[in-house]
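**Student:** Next come a sequence and a model predicted from it.
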Amino acid sequence: MTQRLDKLQASLEALLGTQVQSLTRRLGELTLTVTSADYAAVAQTLRDDPTVKFEQLIDLCGVDYAGYQNKPWEAARYAVVCHLLSVTHNWRLRLKVFAADDDLPSVASVNDIWSAANWFEREAFDMYGIVFEGHTDLRRILTDYGFIGHPMRKDFPVSGHVEMRYDAERGRVIYQPVTIEPRENVPRVVREDNYGGLH
């Protein structure tokens with residue numbers, strides 16, 4: 001396994017050169033981080049170049065790094081992470097890109113490179129608000145059309161902004177402000193003397 005990772009790492013460094021922002025190896029996997037300006041070109045190269053030939057996009061997801069590891073996060077907040085597979089060479093790669101703007105996070109769409117990215121990019125848009133430039137059908141996929149906000153963002157309120165219910169008088173579903181009182185649930189700790197048969 002180590003020799004294969006060495007070969008893949010050398011191939012990526014030779015092929016991408018200065019486009020490599022970082023290339024890390026951890027737990028037997030490689031993670032390639034690139035800038036948002038280089039993201040689409042790097043993705044195209046990773047798919048088309050015969051030395052690496054990543055034909056398949058297995059997964060694409062958004063990440064919110066706010067408060068990562070319970071510490072203040074000083075870099076760009078939103079990232080897109082792709083998991084790629086080369087059937088030809090039988091190796092995998094994690095490709096990561098950070099959106100340059102936290103207020104309106106956006107990166108290029110890779111849907112034209114790997115068609116499997118279509119619904120994954122829509123999910124990342126819906127859940128995190130990451131805009132994929134060039135995506136031809138970027139609309140919500142998991143939440144309702146009238147939904148406000150992006151529920152996987154770490155600053156999204158636990159109870160949400162609005163709730164929906166069926167109104168029998170109107171004969172349709174309506175939206176209204178959340179009526180649930182905010183509360184904090186703290187698990188009850190059992191401290192009985194003989195709890196669990198221990199004395």
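**Tutor:** Sure thing, it's come through. For clarity, every value in this text was computed on a predicted model and none was experimentally measured.
**Student:** what does stretch 96-103 contact?
**Tutor:** Counting by CB atoms under 8 Å, 6 or more residues apart in numbering, stretch 96-103 makes contact with 31-36, 39, 75-82, 105-107, 130, all of which sit outside it. Where C-beta positions appear, they are placed from N, C-alpha and C, glycine not excepted.
**Student:** okay, and for this protein, where does confidence drop off?
**Tutor:** 1, 182-199 (pLDDT under 70).
**Student:** Verify the contact between residue 24 and residue 9 for me.
**Tutor:** No - if you go by CB atoms under 8 Å, residue 24 and residue 9 don't touch, sitting 9.8 Å apart.
**Student:** Looking at these two, which has the bigger crowd around it?
**Tutor:** residue 9 (16 against 12; other CB atoms under 10 Å).
**Student:** That one contacts residue 31, doesn't it?
**Tutor:** No - using CB under 8 Å as the test, residue 9 is too far from residue 31 to be in contact (10.9 Å).
**Student:** Show me the common contact partners of these two, please.
**Tutor:** Counting by CB under 8 Å, 6+ apart, the contacts common to residue 9 and residue 31 are 23, 25.
**Student:** In ChimeraX, select just the buried ones from the contacts of stretch 96-103.
**Tutor:** Listed next is the ChimeraX selection for buried residues among those, using 16 or more other CB atoms under 10 Å:
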select :32,33,34,36,39,76,77,78,79,80,81,82,105,106,107,130
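**Student:** Near the nearest residue to residue 66 once chain neighbours are set aside, how many residues? Count them for me, please.
**Tutor:** In space, and not counting its chain neighbours, residue 66 is closest to residue 154: 4.5 Å by CB to CB, 6 or more residues apart in numbering. Neighbour count of residue 154, defined by other CB under 10 Å: 12.
**Student:** about what we covered before: could you tell me which residues touch both of residue 24 and residue 9?
**Tutor:** Listed contacts common to residue 24 and residue 9 are residue 30; contacts here mean CB under 8 Å, 6+ apart.
**Student:** List the buried residues of the biggest helix by length in the chain.
**Tutor:** Ranked by residue count, the top helix of the chain under DSSP state H comes out as helix 2-16. Residues 8-9, 12, 16 are the ones in helix 2-16 that count as buried (16+ other CB under 10 Å).
**Student:** This structure: helices as residue ranges?
**Tutor:** In the chain, helices defined by DSSP H lie at 2-16, 39-48, 117-128, listed in chain order.
**Student:** Burial check on the closest residue to residue 81 other than its chain neighbours, number of neighbours?
**Tutor:** In space, and not counting its chain neighbours, residue 81 is closest to residue 96: 5.0 Å by CB to CB, 6+ apart. When neighbours are defined as other CB under 10 Å, residue 96 has 17 of them.
**Student:** Show me what residue 96 bridges to in the sheet.
**Tutor:** When bridges are called by DSSP bridges, residue 96 pairs up with residue 33, residue 81.
**Student:** Distance of the spatially most central residue of the chain relative to residue 171?
**Tutor:** Central residue of the chain (CA atoms, centre = their mean): residue 62, 1.6 Å from the mean position. From residue 62 across to residue 171, the span is 37 Å (CB to CB, to the nearest Å).
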